[in-house]
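J.: Got a predicted model here, sequence first, then my questions.
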Amino acid sequence: MTNEDVIDVLNDLIENCRDGEYGFKACAEHTQATELRELFQSRARECNGAALELQSLVTQLGGKPESSGSASGAVHRGWVAVKGTLSGYSDLAMLEECERGEDVAKARYKKALEQDLPASVQMVVTRQYDGTVRNHDQIRLLRDRLRAQD
């Protein structure tokens with residue numbers, strides 16, 4: 001892979017992190033349970049930290065780091081608001097949207113890991129992917145618990 005290719009992969013992941021950050025913030029604003037609000041806010045901070053780490057790698061590689069989310073992420077955040085309005089911003093609806101967002105994040109990280117990245121970049125991307133998987137599994141577990149209560 002050329003340096004430019006690696007930078008493109010990293011910038012895609014930065015967009016992914018920003019999408020996650022904004023999505024978790026939106027869900028935190030619309031959830032009723034304090035525990036979920038705190039979880040979503042924590043996940044938003046983690047996404048921000050991951051983006052900053054990736055931006056640093058892009059800069060080290062001589063590139064210009066992405067600073068915002070993607071157009072599809074903006075659509076997702078809009079869908080969170082629409083779905084929340086239609087469902088009364090239920091905690092279950094917010095968890096379902098977070099899980100959907102984490103599905104997208106996992107796929108983007110998996111695609112990045114299929115690339116021939118330099119070892120130091122691969123290590124960071126793998127660690128962040130593992131965190132995304134953990135986030136997804138936790139969100140899914142919480143969603144399943146809420147579904148069982150209904």
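T.: Nice, thanks for sending it over.
J.: and the longest helix seen in the chain, what does it pack onto?
T.: When the chain is parsed with DSSP state H, its longest helix is helix 119-149. If you count contacts as 3 or more Cβ pairs under 8 Å, 6 or more residues apart in numbering; DSSP states H and E, helix 119-149 packs onto helix 3-30, helix 34-60, helix 91-113. No exception for glycine: its C-beta is placed from N, CA and C like everyone else's.
J.: just the angle between it and helix 91-113, please?
T.: Orientation of helix 119-149 against helix 91-113 (axes from the mean of the first three to the mean of the last three Cα atoms, to 10 degrees) gives an angle of 160 degrees.
J.: Give me the buried stretch members for helix 119-149, please.
T.: Counting neighbours by 16 or more other Cβ atoms under 10 Å, one finds that the buried residues in helix 119-149 are 121, 124-125, 128-129, 131-132, 135-136, 139-140, 142-143, 146.
J.: for stretch 53-66, same thing?
T.: In stretch 53-66, counting by 16+ other Cβ under 10 Å, buried: Glu53, Leu54, Gln55, Leu57, Val58, Gly63, Pro65, Glu66.
J.: for stretch 30-46, same thing?
T.: For stretch 30-46, by 16+ other Cβ under 10 Å, it's His30, Thr31, Leu36, Arg37, Leu39, Phe40, Gln41, Arg43, Ala44, Glu46.
J.: Can you tell me how far the third one is from Gln138?
T.: Distance of Leu36 to Gln138, computed by Cβ to Cβ, to the nearest Å: 11 Å.
J.: The residue nearest in space to the middle of the chain and Ser67, how far apart?
T.: Nearest to the geometric centre of the chain sits Gly20, at 3.0 Å (Cα atoms, centre = their mean). According to Cβ to Cβ, Gly20 and Ser67 sit 15 Å apart.
J.: Any chance of the buried residues of stretch 30-46 in a markdown table with pLDDT and distance to Leu95 as columns?
T.: Listed next are those as a markdown table, based on pLDDT from 0 to 100; distance: Cβ to Cβ, whole Å:
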| residue | pLDDT | distance to Leu95 |
| --- | --- | --- |
| His30 | 84 | 11 |
| Thr31 | 87 | 8 |
| Leu36 | 93 | 7 |
| Arg37 | 94 | 12 |
| Leu39 | 95 | 10 |
| Phe40 | 94 | 9 |
| Gln41 | 96 | 15 |
| Arg43 | 94 | 12 |
| Ala44 | 94 | 15 |
| Glu46 | 95 | 17 |
